[in-house]
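Visitor: prediction below, plus the sequence it came from.
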Amino acid sequence: MQGKVSVLLLTVVAILLIVCVAVQAQSTSLLTRHTQDVVVMGEAQSLGRLPATQVINLDLMLALRHQPELENFIDELYDPSSPSYRHYVTVSQFTARFGPSREDYQAVVRFARQNGFKVVDSSARNRMIVQVSGSVATIERAFHVQMNLYQHPAENRTFYAPDREPSLDLPFQLWHISGLDNYSIPHTNLKTLPKQAHANVAGSCPGNSYCGSDMRAAYYGGTALDGTGQSVGLFEYLGTNLSDLNTYYQNVHQTLNVPITLISTDGSSVNCNAPGCDDTEQTIDMTQALGMAPNLAALNMYIGRRDTSILNSMATHIPLDANLSCSWYWGADPRVLDPIFQEFAAQGQNFFDAAGDNKSWQIGGSIWPADDAYVVSVGGTDLQTQSPGGPWLSETGWSYSGGGFSPNGIAIPSWQVATAAGCSKCSQTLRNGPDVAAESNFDFYFCSDQSGCSTGLGGTSFAAPMWAGYLALANQQAVASGQPVLGFIDPALYQIGLSASYTTDFHDITSGSNGYSATTGYDLNTGWGSPNGSALIDALTQPAGPSFSLTAAPNQVSIADGSQGTSTITVVPANGFTGTVTLAASNLPSGVTAQFSPNPTSTTSTLTLTVSASAPTGTSTITIGGTSGSLSASTTIQLTITGSGPVVSLNPTSLAWGKLLVGKTSGAKKVTLTNTGASTLNITSIATTGDFALFSFTSKQKCGATLAAGKSCIVKVNFTPTQKGTRTGSLNFTDNAPGSPQSVALSGTGK
């Protein structure tokens, strides 16, 4: 009996091992990075493993669906010529169209519970975040990592982090796991007055310092707009004590008219009491947004420990805040937050982020997410007003302002390309910043930590919420005129910056330096500058006039040498456009001509592309442009030119031995091919370029690197002619020799 039991136990163990191996084989990696360079490179000293019982809170973040469609949709949302211009989606519409599926979301919830995690929240309206908590032992087992404690190489503290990239036993890839390490600690974009003297300012707050209301007087200067009907959302890593905000309003003799709501996004405390907690950042964020828009319908503070939880709450709040601001920076894979930033754009929300206070990004380093392509990056200036609480007088670039080109390798967005082309210091391939700027010098009055009020504080932390309040004024005007809110404003800002009204709409700041000098027009110190009263609001809210866009069907055309192909170009009217459009093709490859019929047109036109017999093969992108008066639009067609078939033949088709001429730019050289049966060259593909046939094949034997005169290959080559006649051509072969692949020009016939 005991033997049978032993056999049974061994069978069970074997089955369990098979199951474990099978489950392990299903583990999938994540789509973003989680390991720190200092850990991978061994720069951070390991202090051992974290206690197995230590509990860590995490966000399991799912990936969006249909990413190319989403990016195209966002482009159309912010293209004034598109019929989709500012036709935003709701949270439920975004989720149905682009969000994770309900089945995948529930699968992640089941995975968390089955692996021993406590599911803290699984009710995200966009199905993007599952909040969980679990012990280190649970994390290590579920994610196949080891959680270690390390000595920070640059700071006097320790941090925990995984020793490798996590993987999960799920049939699909997660986007990110937020909270797996605490290597990067969030920092505020605040800076205290340095020792050197600072010029007095004409502010209306105590000590002649600036109040938030002074920024309204300098940058807006009107009374018609006050934020009525709009709300502002503030990103905060800590809560606040509203007694400091009340003290501020009492001391500046103003009335607080806006309800403040403190929202915990992940169970974090919304309270911040000195001495254990500093609420300076949180309080100034409120005073600057409220100073610009004193009659907002609501000001919401989103408070949490993890960036993904905070931002996802902003993206799903009821009702949505169209005006968002962040004055913090931290470190992460720079792709992590793009799904949420894209959701902001799709839903008509705009996210301002402080550009930093450590001089240019090339001097002071990365302050992500200020260089993300889907945020409006706000730099700093030094503002002078004509009188206390008076209008704008002058402005220079702030020497500590962040700006430059992306330290995180973020590609330049389409709406910035034309601007960068005219900016000598800008990158032509990376995202440039800041986009705009506002007063950030050490001129502000503030109250914090239940300890009273003071002056001498500055930073782009003041400028970002200031811009959020200013945008609330613009959105108030847009809604009052029957338009939707403005949404992500960077595409519009860059259009305005390149327009004839630029100096009317912006204060163009042309002096000062953060390592990059402020110059006429856009620069890497102040962006486009600061808002010039109601003029910029009018420019942003101006209704889109009649326009049109172009489409091509098909937009991918394949044509053989000596043939023609067609595509239908359609004029798509927008905003009542009724004109005719003159079409033209550009970027045509050599040997290709284009003709439109009819041209001009108000509806459709047939584009005929004619490819000459000598046109080189390959794929290129043709631009189809249309003009109608001062309006213009364009679309593209991908043209692939194919050969008409192999045209080179050798006789006989089996080359037992022969002599071929090797054509080089330096002259013809002779190579002898001798068949001994020792090895074979196998032809794998044939393509043509005009009269030249390209035979690509692989060799079992090294045939020489340079094909110099006198070199030999022991081969057997079989040619199958597909067309009569003998012509010159080229023979390309790939082998294991250095310099491969190699090309030999053919001339003559084999013997």
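Guide: Received it, and whenever you're ready, just let me know what you need. Residues are numbered from 1 along each chain as shown.

Visitor: so which residues of the stretch 501-650 of the chain form strands?
Guide: 506-507, 530-531, 547-553, 556-560, 564-574, 582-586, 592-597, 604-611, 618-628, 631-642 (DSSP state E, counting those that start in this stretch).

Visitor: just name the most buried of the ones you listed.
Guide: strand 530-531 (a mean of 28; mean count of other CB atoms under 10 Å). C-beta here means a position set from N, CA and C on the backbone, and glycine is covered the same way.

Visitor: and that strand, what other elements does it pack with?
Guide: On a contact count with 3 or more CB pairs under 8 Å, 6 or more residues apart in numbering; DSSP states H and E, strand 530-531 meets strand 436-439, strand 506-507.

Visitor: quick one, which of these gets closest to Gly521.
Guide: strand 506-507 (9.6 Å; CB to CB).

Visitor: distance from the closest one to the middle of the chain?
Guide: Put simply, strand 506-507 sits 27 Å off its chain's centre (CA atoms, centre = their mean, to the nearest Å).

Visitor: what's it in contact with?
Guide: Trp392, Glu395, Val436, Ile496, Gly497, Trp528, Gly529, Ser530, Pro531, Asn532, Leu536 (CB atoms under 8 Å, 6 or more residues apart in numbering).

Visitor: residues making contact with the helix or strand containing the fourth one?
Guide: Secondary structure from DSSP states H and E places Ile496 in helix 490-497. With contacts defined as CB under 8 Å, 6+ apart, helix 490-497 is touched by 78-79, 376, 413, 415-416, 418-419, 435-436, 486, 502, 505-506, 521-522, 528, 536, 539-540.

Visitor: and those, which of them are buried?
Guide: Buried members of the contacts of helix 490-497, counted by 16 or more other CB atoms under 10 Å: 78-79, 376, 413, 415-416, 419, 435-436, 486, 502, 505-506, 521-522, 528, 536, 539-540.

Visitor: quick one: residues contacting Ala584.
Guide: Ile624, Gly625, Gly626, Thr627.

Visitor: switch the cut-off to 7 Å
Guide: Ala584 makes contact with Gly625, according to CB atoms under 7 Å, 6 or more residues apart in numbering.

Visitor: so where's the stretch 601-750 of the chain uncertain?
Guide: Applying pLDDT under 70 to the stretch 601-750 of the chain flags the ranges 644-750.

Visitor: the residue positioned nearest the centre of the chain and Arg33, how far apart?
Guide: Nearest to the geometric centre of the chain sits Ala373, at 4.4 Å (CA atoms, centre = their mean). Ala373 sits at a distance of 18 Å from Arg33 (criterion: CB to CB, to the nearest Å).

Visitor: likewise for Ser586?
Guide: 40 Å.

Visitor: how about the helices and strands packed on strand 530-531 in TSV, adding distance to Asn241 and mean pLDDT?
Guide: Output for those, formatted as TSV (distance: least, CB to CB, whole Å; pLDDT from 0 to 100):
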stretch	distance to Asn241	mean pLDDT
strand 436-439	26	98
strand 506-507	35	98
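
Visitor: distance to Thr604 for those - can I get that in CSV?
Guide: Putting these into CSV (distance: least, CB to CB, whole Å) gives the following:
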stretch, distance to Thr604
strand 436-439, 41
strand 506-507, 41
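
Visitor: which residues in the stretch 151-300 of the chain form helices?
Guide: Listed from the start of the chain, the stretch 151-300 of the chain has helices (DSSP state H, counting those that start in this stretch) covering 212-219, 242-251, 280-292.

Visitor: check these for me and report the most buried one.
Guide: For the helices of the stretch 151-300 of the chain, the largest average neighbour count (mean count of other CB under 10 Å) is found in helix 280-292, namely a mean of 27.

Visitor: okay, now the unreliable bits of this structure?
Guide: Short version for the chain, where the test is pLDDT under 70: 1-26, 195-199, 644-751.

Visitor: follow-up on the earlier one: take the contacts of strand 506-507 and write them to CSV, including distance to Pro334.
Guide: Shown next, in CSV, are those (distance: CB to CB, whole Å):
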residue, distance to Pro334
Trp392, 35
Glu395, 31
Val436, 21
Ile496, 27
Gly497, 25
Trp528, 23
Gly529, 26
Ser530, 27
Pro531, 28
Asn532, 32
Leu536, 29
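
Visitor: out of those residues, which is nearest to Leu337?
Guide: The closest of the contacts of strand 506-507, once distances to Leu337 are taken by CB to CB, is Val436, at 20.3 Å.

Visitor: in its sheet, what does whichever strand or helix holds Leu58 sit against?
Guide: According to DSSP H and E, Leu58 maps onto strand 55-61. Strand pairing for strand 55-61, using DSSP bridges, gives strand 129-135 (antiparallel), strand 176-178 (antiparallel).

Visitor: want to throw those into a markdown table with distance to Ala161 and mean neighbour count?
Guide: Formatted as a markdown table, the strands paired with strand 55-61 follow (distance: least, CB to CB, whole Å; neighbours: other CB atoms under 10 Å):
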| stretch | distance to Ala161 | mean neighbour count |
| --- | --- | --- |
| strand 129-135 | 16 | 24 |
| strand 176-178 | 12 | 24 |
